[in-house]
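Enquirer: have a look; sequence and predicted model below, questions after that.
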Amino acid sequence: GAGVSQSPSNKVTEKGKDVELRCDPISGHTALYWYRQSLGQGLEFLIYFQGNSAPDKSGLPSDRFSAERTGGSVSTLTIQRTQQEDSAVYLCASSADYEQYFGPGTRLTVT
Amino acid sequence: RKEVEQDPGPFNVPEGATVAFNCTYSNSASQSFFWYRQDCRKEPKLLMSVYSSGNEDGRFTAQLNRASQYISLLIRDSKLSDSATYLCVVNLSGGSYIPTFGRGTSLIVHP
């Protein structure tokens, strides 16, 4: 079946601009996660959605970051006023239990 | 002590060798454990879950040692295609759906 998809695959933006990253999880998966990974670094948890519950935003690095999940399916991660340190690969994962399945990621470059 | 700790390596082994990685975790209440594989510039992919009784999948064996708070991954008869970074993933708190990823162990299998 279809896996997790993310768009765009690459995004280059100027410092100060807003960006939106999209994630389509595996159908039926109630849990959705956003992570980011800087070059050569480990995964940094950003936010977690589970069904209709309030999201766990404990990993968001600043108030410039926000995410929503509409209809329990598609999710959008928004970064406002991007900074150069936001450059990273943003990964989305979905899960039906504890096992996570990742999308291919969005490589964000802030110039 | 880091919550989930791995030797970053790299482990440099010849084809056909047996190699083992360990991963230590800080919270004795941790319930769920996984090994993921991440190829260069790719997303992590689930390799195997780690059960209390240990589990085996072909050339790969995973074990859990609760007393010493570590999990292990053994790869037998290494292939060139096994070259990747192996991520240890632990749900640190019982019932938590937010996993903690280790920084990964790099494996290089050479001819």
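Expert: It's in.
Enquirer: and chain B, which of its residues are near chain A?
Expert: Contact residues (CB under 8 Å from any CB of the partner chain) of chain B with chain A: B:32, B:34, B:42-46, B:49, B:87, B:89, B:91, B:97-104. Just so you know, the C-beta spots here come from the backbone N, C-alpha and C atoms, and that holds for glycine as well.
Enquirer: same thing but at 7 Å, please
Expert: Counting by CB under 7 Å from any CB of the partner chain, chain B comes close to chain A at B:32, B:34, B:43-46, B:49, B:91, B:97-98, B:101-104.
Enquirer: buried only: go through those residues for me.
Expert: When burial is judged by neighbour count using 16 or more other CB atoms under 10 Å in any protein chain shown, the buried members of those are B:32, B:34, B:43-44, B:46, B:49, B:91, B:97-98, B:101-104.
Enquirer: of these, closest to A:Ser5?
Expert: Here the nearest of those to A:Ser5, counting by CB to CB, is B:Glu43; it sits at 11.3 Å.
Enquirer: what number of residues lie near the closest residue to the closest one other than its chain neighbours?
Expert: Spatial nearest neighbour of B:Glu43, chain neighbours left out: A:Phe102 (3.9 Å); criterion: CB to CB, 6 or more residues apart in numbering or on different chains. When neighbours are counted by other CB atoms under 10 Å in any protein chain shown, A:Phe102 registers 22.
Enquirer: what's across from B:His110 in the sheet?
Expert: Beta-bridge pairing for B:His110 (DSSP bridges): B:Pro14.
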